[in-house]
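Asker: just coords:
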């Protein structure tokens, strides 16, 4: 593994941790926010309860004093309402706080309840005295200042409770604010992580595409190599086969000719014709086929001298590499004979090589006509029909399932060769099936 | 030594078949040349031969059906081939000779004489495979 890959690994692990940390932070922040909201509601209630306690206490006190001064019973209505609410205030505070009170809050609440008891006792004692007509006693009780004292202390305790509540709320508020900031930081971090993730995904996509290209290239190379191997095998086989053919030419010619010089010349000519024929199908790009016109040009035209006119004509006929040898050898033997004994040996001679395709019921057939025209009479006794050349030609034509008919006219040789063609109009051979080309 | 021997020559290349025919004919044998698988198979199944020379590759087809037919008839044969098929051939046809193309004339004739001298069917039972020709 490359170091770069390790760094990427580390980054990925780090990202995972960062992501988890963000999730935990956001959850904690949400909880802090929730706690702050709940506390806010509770604080609002408790402060309201404290303020209410003071107001209702003052109301009760006002009613008490009005009744005391005037003896008018109408003052007792606000007094009674004030007392009722005043009594409920401490309970309301306790209900709101539940078990969430701090020890100091608990102690202050107890003090508050004690003081409210003292105040209520003072208030009810004075009103009771006024009702029973004992105004002087009531005034005396009031003048002790116990009621005022209790009320003052009550105010102080309530103020302390409110102050403590405010302090707690303030802490929760700053905690919530900090949590909000942390959430913001997390959002920013997550955004960066997303961008990083996108970048990584894009890079991987690019790499995958590149990898695809590399694989495609490798596949092409493999195909190319397989093709090259196939061509090499094909070429190897062809070379071996050619060696065998050359050997056959040498041995059969040598057996037939007793004179070493004549044999050597004939062998050289035949091997030369073979090489000319194969040159047409052995170019560097492994061309696998040639045409009859090219074969005639390579074998016949190269041997006919200037004195003799060669006329070759016919439609394009495909000749695959395997059929170049038999067809080339046939054309070579015909040309050799013509040059030695026929139209090629006399002045103003003419050789016509023409071919055409004939359609038969069984398929197509190629008809090649070899016609020699010589101004002088030719020696009809040469070459004999059973000579080496004729036998070799017969064998070669047999390979192509061909037939030939030889006629001697006063002007010279006239030969007709019939070769069956495959469905593609190419020369075929005995081992080729009738329907599919090789 | 091959006088009057009937020899089947299966070879898709006319020039080579022509030469092989000449070679065995010069020794007094009667050659019968087949340039394609179908006619070779017919002749092999008729079975009127003393020995056969088989080219392995006949225009893309293998000569193996002919070899099988000859084996059934108990006619000895040798492969004359440019293909590197020695191992496959000697494994499939115990004791068949494989001659690497292009074959040396004297060697080919020597192998033919050996094959015709073997007692009937013995060529097929011999456990050893031979091949001649130099390695390419």
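Answerer: Arrived safely. As the structure is a prediction and not an experimental result, all values here were calculated from the model. Residues are numbered from 1 along each chain as shown, chains lettered A, B, ... in the order given.

Asker: and residue 6, what does it touch?
Answerer: The chain I'm using is chain A. The contact partners of residue A:6, taken as C-beta atoms under 8 Å, 6 or more residues apart in numbering or on different chains, number zero. The way it works is simple: take the backbone N, C-alpha and C, and place the C-beta from them, glycine included.

Asker: could you do chain B instead?
Answerer: B:29, B:30, B:32, B:48, B:49, B:50.

Asker: Contact partners for residue A:293?
Answerer: A:312, A:314, A:316, A:317.

Asker: what are the pairing partners of whichever strand or helix holds residue B:7, and which direction each?
Answerer: For residue B:7, the element it lies in under DSSP states H and E is strand B:6-10. Paired strands of strand B:6-10, with direction, are strand B:30-34 (parallel), strand B:51-54 (parallel) (DSSP bridges).

Asker: Deepest in the core, which of those is it.
Answerer: Of the strands paired with strand B:6-10, the one with the most neighbours on average (mean count of other C-beta atoms under 10 Å in any protein chain shown) is strand B:51-54, at a mean of 27.

Asker: what residues does chain A put near chain B?
Answerer: Contact residues, chain A versus chain B (C-beta under 8 Å from any C-beta of the partner chain): A:237, A:240-241, A:243-249, A:251-252, A:255, A:322, A:325-326, A:329, A:391-392, A:395-396, A:398-399, A:429-432, A:438.

Asker: Report the distance from the strand holding residue B:7 to the chain centre.
Answerer: With C-alpha atoms, centre = their mean, to the nearest Å as the basis, strand B:6-10 stands 7 Å off its chain's centre.

Asker: cool, and stretch A:88-98?
Answerer: Taking mean C-alpha positions (C-alpha atoms, centre = their mean), stretch A:88-98 and its chain are 68 Å apart.

Asker: and it, which residues are buried?
Answerer: By neighbour count with 16 or more other C-beta atoms under 10 Å in any protein chain shown, stretch A:88-98 contains the buried residues A:89, A:90, A:92, A:93, A:94, A:96, A:97.

Asker: And stretch B:97-110, by the same measure?
Answerer: Neighbour counts using 16+ other C-beta under 10 Å place B:97, B:98, B:99, B:100, B:101, B:102, B:103, B:105, B:108, B:109 of stretch B:97-110 among the buried residues.

Asker: And stretch A:169-177, by the same measure?
Answerer: A:169, A:172, A:175, A:176.

Asker: just checking, the second one touches residue A:35?
Answerer: This points to residue A:172. Yes: between residue A:172 and residue A:35 there is a contact under C-beta atoms under 8 Å: 6.3 Å.

Asker: For the nearest residue to residue A:178 once chain neighbours are set aside, report the pLDDT, please.
Answerer: Computed as C-beta to C-beta, 6 or more residues apart in numbering or on different chains, the closest residue to residue A:178 that is not its neighbour in sequence is residue A:32, at 7.9 Å. What the model reports for residue A:32 is a pLDDT of 88.

Asker: Verify the assumption that residue A:32 is located in a helix.
Answerer: Yes: Residue A:32 forms part of a helix when assessed by DSSP: H, G, I helix; E, B strand; the rest coil.

Asker: if we can go back for a sec, now secondary structure and pLDDT too, for the buried residues of stretch A:169-177, in CSV please.
Answerer: CSV is the format used below for the buried residues of stretch A:169-177 (DSSP: H, G, I helix; E, B strand; the rest coil; pLDDT from 0 to 100):
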residue, secondary structure, pLDDT
A:169, helix, 90
A:172, helix, 89
A:175, helix, 90
A:176, helix, 89
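
Asker: Can you pull up the residues of chain B that come close to chain A?
Answerer: For chain B, the residues found near chain A under the criterion C-beta under 8 Å from any C-beta are B:12-23, B:26, B:33, B:35-39, B:57-61, B:82-83, B:101-103, B:105, B:136.

Asker: try it again with 7 Å
Answerer: Proximity of chain B to chain A (C-beta under 7 Å from any C-beta of the partner chain) is limited to residues B:12-19, B:22, B:26, B:35-37, B:58-61, B:82, B:101-102, B:105.

Asker: Okay, and which of these map to helices?
Answerer: In this view, those that belong to helices under DSSP state H are B:14, B:15, B:16, B:17, B:18, B:19, B:22, B:37, B:105.

Asker: Tell me which two of those sit farthest apart.
Answerer: Within those, B:37 and B:105 form the most distant pair, 25.5 Å apart (C-beta to C-beta).

Asker: Now do the strands in the chain.
Answerer: I'll assume chain A. A:289-291, A:309-313, A:318-320, A:350-360, A:363-373, A:403-409, A:412-421 (DSSP state E).

Asker: The chain in question should be chain B.
Answerer: Here chain B has its strands, by DSSP E, at B:6-10, B:30-34, B:51-54, B:57-58, B:61-62, B:77-81, B:97-100, B:130-132.

Asker: could you give me the average pLDDT of the first one?
Answerer: Read it as strand B:6-10. Here strand B:6-10 scores 94 as its mean pLDDT.

Asker: Correct me if wrong: residue A:427 contacts residue A:323.
Answerer: Yes: checked against C-beta atoms under 7 Å, the pair residue A:427 and residue A:323 is within contact range at 5.0 Å.

Asker: what sits in contact with each of these two?
Answerer: Common neighbours of residue A:427 and residue A:323 (criterion: C-beta atoms under 7 Å, 6 or more residues apart in numbering or on different chains): residue A:400.

Asker: before we move on, back to that, buried subset of the residues of chain B next to chain A, written for PyMOL?
Answerer: To isolate the buried ones among those in PyMOL, judged by 16+ other C-beta under 10 Å, type:
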select buried, chain B and resi 12+13+14+15+16+17+18+19+22+35+36+37+58+59+61+82+101+102+105
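
Asker: So which residue is smack in the middle of chain B?
Answerer: Per C-alpha atoms, centre = their mean, the C-alpha nearest to the average position across chain B is that of residue B:53, at 2.0 Å.

Asker: isn't it right up against residue B:23?
Answerer: No: contact criterion C-beta under 7 Å: residue B:53 and residue B:23 do not qualify, at 9.5 Å.

Asker: thinking again about what came up before, out of the strands paired with strand B:6-10, which comes closest to residue A:184?
Answerer: Nearest of the strands paired with strand B:6-10 (C-beta to C-beta): strand B:51-54, 91.5 Å.

Asker: Figure out how far the closest one is from the centre of its chain.
Answerer: Relative to its chain's centre, strand B:51-54 lies at 2 Å (C-alpha atoms, centre = their mean).

Asker: got a list of contacts for that strand?
Answerer: Contacts with strand B:51-54, where a contact means C-beta under 7 Å, 6+ apart, come from B:5, B:7-10, B:20, B:63, B:66-67, B:70, B:75-80, B:112, B:115-116.
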